[in-house]
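[1] Need a 3D model of the sequence below.
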Amino acid sequence: MNNDGVDGAELKKVFIDFFEKQTSYEERIKNLMATRGRRLDVSLDDVRLYCNSSPGLSEDLAIKLLDEPAKYLTSLNAAVEEIVRNSDPKYLSTRAEIKVSLTGNYGNRSISPRELLSHFVEKLVSVKGIVTKCSAVRPKLSSVTQFCSTTEKFSTRVYRDATALKGAPTSFSVATRDENGNALTTEYGLSSYCDQQSITIQEMPEHAPSGQLPRSVEVILEDDLVDICKPGDRVNIVGIYKVLPASNPSASCSGVFRTLLVAIGVKQLCGEISAPDLTMNDIELIEELVKQSPASLLNLLGTSLAPSIYGHDTIKKALILLLIGGVEKNLKNGTHIRGDINCLMVGDPSVAKSQLLRCVMGVAPFAISTTGRGSSGVGLTAAVSTDQDTGERRLEAGAMVLADRGIVCIDEFDKMNDADRVAIHEVMEQQTVTVAKAGIHASLNARCSVLAAANPIYGTYDHSQPVPRNINLPDSLLSRFDILFVVLDQSTASNDRCISSHVLSMHSSQSAQSIEANTSTNKTNMDGINAHKSGFSHPSVLSKSFLKKFIFYVKKRPDSPELTAEAELCLAERYSLLRSRNSEQQDIPVTARTLETMIRLSTAHAKMRLSKTVEEHDALVALEILQSVMETEQGSSPTLNEPCTYSSFCRAFAKYATRQQSLSVTEVVDAAHSWEECKSLSTSEIDVFLHQLQNAGRILLDDEGHIHCL
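    This next block holds a predicted model:
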């Protein structure tokens, strides 16, 4: 067969011979007919094997299918229809044409939207991306049937647009008279249509170069391909890259045209796209690593998360458990219980909150970063926009929908407007985004963890005020955060000395070389991972790439840990104890979500150990992290033998004066002697503290001895 003289009939015979020699397709075609399907998957790898086993072929059909899809794909579709017609002549009379989708290895044709350049025009490509926009499904005219009352005859005319595989595009204006001038009546019920939908896919956020906008491409879906994906889904589109005339006349004069992808196959990508390349050596090192004690393993992972940040050991451990995540549960009655962990960090400036967010983004398999002021409510969830070309409404996915199965890092969380902040309530608990706007009602998946950082309302943390007043967030939103860390800038001589020593060691060339050597994983034994180099005083750390592999391996294991009876008893007792103390000591309420937080943290710790059960010591680690959060909320309250400080008095007075506009000084003095932390105060000390509160602008003392709360 010669490359220039090949025609459709010869190609059809070649492809029929291909299906006859590949016995597996006979069964696939029978199943397709039994299920009344309309699309057959053909593997390019099978076509390559057929070409290698057929020496009489003078061309590679797989390459020709990729380079000239208009000719070769049409012949392949005709071959399938011929086989179906021979098997069941009546099948195609009741069904539309059967189409072919190509699967298999695409080699250098497997690209992202950024790599769709001019040399791919009119060629078959495989593009991976994430769906950002979806239009409504509309019927497109395929053929029109008209009746002439003069001749009493019906006539049919076929319509094709620029996206058709075969034939030149026709005009879509419906004729009202025939060649002889006789009037024609359009029979819309006898005309045929096909479904058409337009979507936009964007390159993966984790694959987009830093500092550049992600590239997008419009995709046309037809027939059975419509409505099989929604915004936020990760898909692999196989289609023909086409150039269409521009709708703007000035653009066509400049030689710049509109490009799009005409899909012939859509595949949902369910797995992790940015999965690291795990080797057998990596798996052996991971399994050897988990053999050490869980406490030392968690310390090692926490230190490796952000080795350049001094301290914050509990926060680093909690972030490791957040990256691993708990177990998602979908009950038989339809209830969804999230397994993702949400965390909020609030504290003084310059305590490395934003740096911790950056470290999590560098280690997480998939993360999206945003800021409170730079994001709106619909920008985080979903929006309904109007298409500029057609004027139709279409659904656009926000950051949380695009981060499905990932992590959303929100910096400057306190700068968000209240109306925008309310939009994420549903995402943080139900993990869905429900849209009911402009006649569009949809529910999108947003199964992601939320890691947020915020500054206190006063700029710096005020120890005299409870946590909710420092954060200025409603309880309904605070309860959705599993972990809330108050990060304080504690100024002590020893702490300042350690921080300065650590920062200076980061800038010294000798220590920097030691850290680089310490984080290397090129060696094949465990000593190459956590070896302690001489001259380096900090703990050993894992490299960023190995830590990413470790988290991916323990997170994606098929075995889900189950709670043991000992762990259930431990969690139930501690939850009951926290509830009993909640009204007296805690500023943030302890609810049933707190119990779910304990379960998620315990499950994440068990997954870190590669265990199939959640033991009691896993629950104790989760309770230890929660206890550190509770202690930070309570602050350092003095005992009976310690003198009461001004901050302790302010905290106790704020609780006592809640929802009271005015008090008498005598009433406050009598009440202060019954406060646990202020029993040792004298009347003169209470007066001094009250005047300090007045100088700070918190209260107003009048001449009659009354206190007015401001």
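
[2] Can you name every helix or strand that the longest strand seen in the chain contacts?
    With DSSP state E applied, the strand covering the greatest number of residues in the chain is identified as strand 184-202. The elements that strand 184-202 packs onto, with contact taken as 3 or more CB pairs under 8 Å, 6 or more residues apart in numbering; DSSP states H and E, are strand 124-135, strand 138-148, strand 153-158, strand 216-222. Heads up, the C-betas are built off the backbone N, CA and C, glycines and all.

[3] Dump the C-alpha coordinates for it into PDB.
    The C-alpha coordinates for strand 184-202 follow below in PDB (Å, rounded to 0.1, in the frame of the first residue of the first chain):
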ATOM      1  CA  LEU A 184     -40.500  24.600   2.100                       C
ATOM      2  CA  THR A 185     -41.800  23.800   5.600                       C
ATOM      3  CA  THR A 186     -39.300  22.600   8.100                       C
ATOM      4  CA  GLU A 187     -40.300  19.500  10.000                       C
ATOM      5  CA  TYR A 188     -38.400  19.900  13.300                       C
ATOM      6  CA  GLY A 189     -39.700  16.600  14.700                       C
ATOM      7  CA  LEU A 190     -38.300  14.700  11.700                       C
ATOM      8  CA  SER A 191     -34.900  16.500  11.800                       C
ATOM      9  CA  SER A 192     -32.000  14.900  13.700                       C
ATOM     10  CA  TYR A 193     -29.800  16.600  16.400                       C
ATOM     11  CA  CYS A 194     -26.800  15.700  18.500                       C
ATOM     12  CA  ASP A 195     -25.900  16.900  22.000                       C
ATOM     13  CA  GLN A 196     -23.000  19.400  22.300                       C
ATOM     14  CA  GLN A 197     -21.300  20.800  25.300                       C
ATOM     15  CA  SER A 198     -18.300  23.100  25.700                       C
ATOM     16  CA  ILE A 199     -15.900  22.800  28.600                       C
ATOM     17  CA  THR A 200     -12.600  24.500  29.500                       C
ATOM     18  CA  ILE A 201      -9.700  22.500  30.900                       C
ATOM     19  CA  GLN A 202      -6.700  24.100  32.600                       C
END
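
[4] now residue 363: how far from residue 285?
    For residue 363, the distance to residue 285 under the criterion CB to CB, to the nearest Å works out to 17 Å.

[5] cool, residue 18 as well?
    Residue 18 is 46 Å from residue 285, where distance means CB to CB.

[6] most tightly surrounded among the helices and strands packed on strand 184-202?
    With neighbours taken as mean count of other CB atoms under 10 Å, these reach their highest mean count in strand 124-135, at a mean of 23.

[7] Taking strand 216-222 as reference, get the angle to that one.
    Inter-element angle recorded for strand 124-135 and strand 216-222: 90 degrees (by axes from the mean of the first three to the mean of the last three CA atoms, to 10 degrees).

[8] what sits against residue 235?
    Residues counted as contacts of residue 235 (CB atoms under 8 Å, 6 or more residues apart in numbering) are 128, 129, 130, 131, 201, 229, 266, 267, 268, 269.

[9] Return the residues in contact with the most centrally placed residue in the chain.
    The residue lying closest to the centre of the chain (CA atoms, centre = their mean) is residue 403, at 1.6 Å. Residues in contact with residue 403 (CB under 8 Å, 6+ apart) are 205, 366, 367, 368, 446, 448.

[10] Any idea how many residues pack against the last one?
    So the one you mean is residue 448. Neighbours of residue 448 under the rule other CB atoms under 10 Å: 25.

[11] excluding its backbone neighbours, what's nearest it?
    Distances taken as CB to CB, 6 or more residues apart in numbering put residue 403 closest to residue 448, at 4.4 Å, once the chain neighbours are dropped.

[12] and if you look at the fourth one?
    Across the structure, with CB to CB, 6+ apart as the measure, the residue nearest residue 368 apart from its sequence neighbours is residue 403 (4.3 Å).

[13] Could you measure from the one you found over to residue 409?
    Distance, residue 403 to residue 409, by CB to CB: 9 Å.

[14] moving C-terminal of the host helix or strand of residue 45, what's the next helix or strand?
    Secondary-structure assignment from DSSP states H and E places residue 45 in helix 44-53. If you walk from helix 44-53 toward the C-terminus, the next helix or strand you reach (DSSP H and E) is helix 61-67.

[15] Am I right that residue 80 sits in a helix?
    Yes. Residue 80: assigned to a helix according to DSSP: H, G, I helix; E, B strand; the rest coil.

[16] Would you enumerate the residues in contact with it?
    Taking CB under 8 Å, 6+ apart as the criterion, residue 80 is in contact with 15, 19, 29, 40, 98, 100.

[17] so what's the fifth one up against?
    Residues near residue 98 by CB under 8 Å, 6+ apart: 32, 37, 38, 39, 40, 77, 80, 81, 84, 92.

[18] Now the common contact residues for residue 403 and residue 409.
    Residues within reach of residue 403 and of residue 409 at once, by CB under 8 Å, 6+ apart, are 367, 368.

[19] Nearest residue to residue 553 in space, please, no chain neighbours.
    For residue 553, the spatially nearest residue (CB to CB, 6+ apart) is residue 286, at 5.4 Å.

[20] all helices in the stretch 501-650 of the chain, in order from the N-terminus.
    In the stretch 501-650 of the chain, the segments counted as helices under DSSP state H, counting those that start in this stretch are 509-518, 527-530, 544-555, 565-585, 592-608, 616-634, 646-656.

[21] a markdown table please, covering these and showing mean pLDDT, distance to residue 234 and mean neighbour count.
    Formatted as a markdown table, the entries for the helices of the stretch 501-650 of the chain read as follows, by pLDDT from 0 to 100; distance: least, CB to CB, whole Å; neighbours: other CB atoms under 10 Å:
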| stretch | mean pLDDT | distance to residue 234 | mean neighbour count |
| --- | --- | --- | --- |
| helix 509-518 | 44 | 35 | 14 |
| helix 527-530 | 42 | 32 | 17 |
| helix 544-555 | 84 | 16 | 20 |
| helix 565-585 | 77 | 35 | 15 |
| helix 592-608 | 87 | 23 | 23 |
| helix 616-634 | 76 | 32 | 19 |
| helix 646-656 | 74 | 49 | 19 |
